[in-house]
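Asker: Could you work out the structure for the sequence below:
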Amino acid sequence: MAQTTISVRMDDKLKKNFDKICNELGISISSAVVMLAKKMVREKRLPFEVSIDPFYSKENIERLKRSIYEIETTGGTIHDIDNETS
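Answerer: Predicted coordinates:
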């Protein structure tokens, strides 16, 4: 069977962690990717669930906006946790 090469770009930290797990399983990254490809071809689907984080759903964003408006109009305080220092 003819072989081909593919290139995959990923974050360096992700690659290192992926490589570590593959080594612990006794397989190479290449073998893991081939296993993924074979499973996808056999099942004609991703072998895991892919979903959008429900936090970012339209309904939740609207609820958050209403809550923020209510807090602001009733004199409440909103803390920006992204910019707070420990």
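
Asker: how about the helices of this protein, start to end?
Answerer: 12-25, 29-43, 58-73 (DSSP state H).

Asker: Could you dump the ones you listed into CSV and include mean pLDDT and mean neighbour count?
Answerer: For every residue, glycine as well, the C-beta is placed using N, CA and C. Listed next are the helices of the chain as CSV, based on pLDDT from 0 to 100; neighbours: other Cβ atoms under 10 Å:
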stretch, mean pLDDT, mean neighbour count
helix 12-25, 96, 11
helix 29-43, 96, 12
helix 58-73, 88, 10
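
Asker: Show me the one of the ones you listed that comes nearest residue 50.
Answerer: Among these, helix 29-43 comes nearest to residue 50, with 12.2 Å by Cβ to Cβ.

Asker: related to what we said a few turns ago, for the helices of the chain, give me TSV that also has distance to residue 2.
Answerer: Output for the helices of the chain, formatted as TSV (distance: least, Cβ to Cβ, whole Å):
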stretch	distance to residue 2
helix 12-25	24
helix 29-43	14
helix 58-73	47
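
Asker: Ok, which of these comes nearest residue 4?
Answerer: Here helix 29-43 is closest among these (Cβ to Cβ), at 11.2 Å.

Asker: Return the distance of that closest one from the chain's centre.
Answerer: 19 Å (Cα atoms, centre = their mean, to the nearest Å).

Asker: got the angle for it vs helix 12-25?
Answerer: Here the directions of helix 29-43 and helix 12-25 differ by 80 degrees (axes from the mean of the first three to the mean of the last three Cα atoms, to 10 degrees).

Asker: Using PDB, write out every CA atom in helix 29-43.
Answerer: Below are the C-alpha coordinates for helix 29-43, written out as PDB (Å, rounded to 0.1, in the frame of the first residue of the first chain):
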ATOM      1  CA  ILE A  29       1.900  10.400  17.200                       C
ATOM      2  CA  SER A  30       1.800   9.100  13.700                       C
ATOM      3  CA  SER A  31       0.100   5.900  14.800                       C
ATOM      4  CA  ALA A  32      -2.400   7.800  16.900                       C
ATOM      5  CA  VAL A  33      -3.300  10.000  13.900                       C
ATOM      6  CA  VAL A  34      -3.600   6.900  11.700                       C
ATOM      7  CA  MET A  35      -5.900   5.300  14.300                       C
ATOM      8  CA  LEU A  36      -8.100   8.400  14.300                       C
ATOM      9  CA  ALA A  37      -8.300   8.400  10.500                       C
ATOM     10  CA  LYS A  38      -9.200   4.700  10.300                       C
ATOM     11  CA  LYS A  39     -11.900   5.100  13.000                       C
ATOM     12  CA  MET A  40     -13.300   8.200  11.200                       C
ATOM     13  CA  VAL A  41     -13.300   6.400   7.800                       C
ATOM     14  CA  ARG A  42     -14.900   3.300   9.300                       C
ATOM     15  CA  GLU A  43     -17.600   5.200  11.300                       C
END
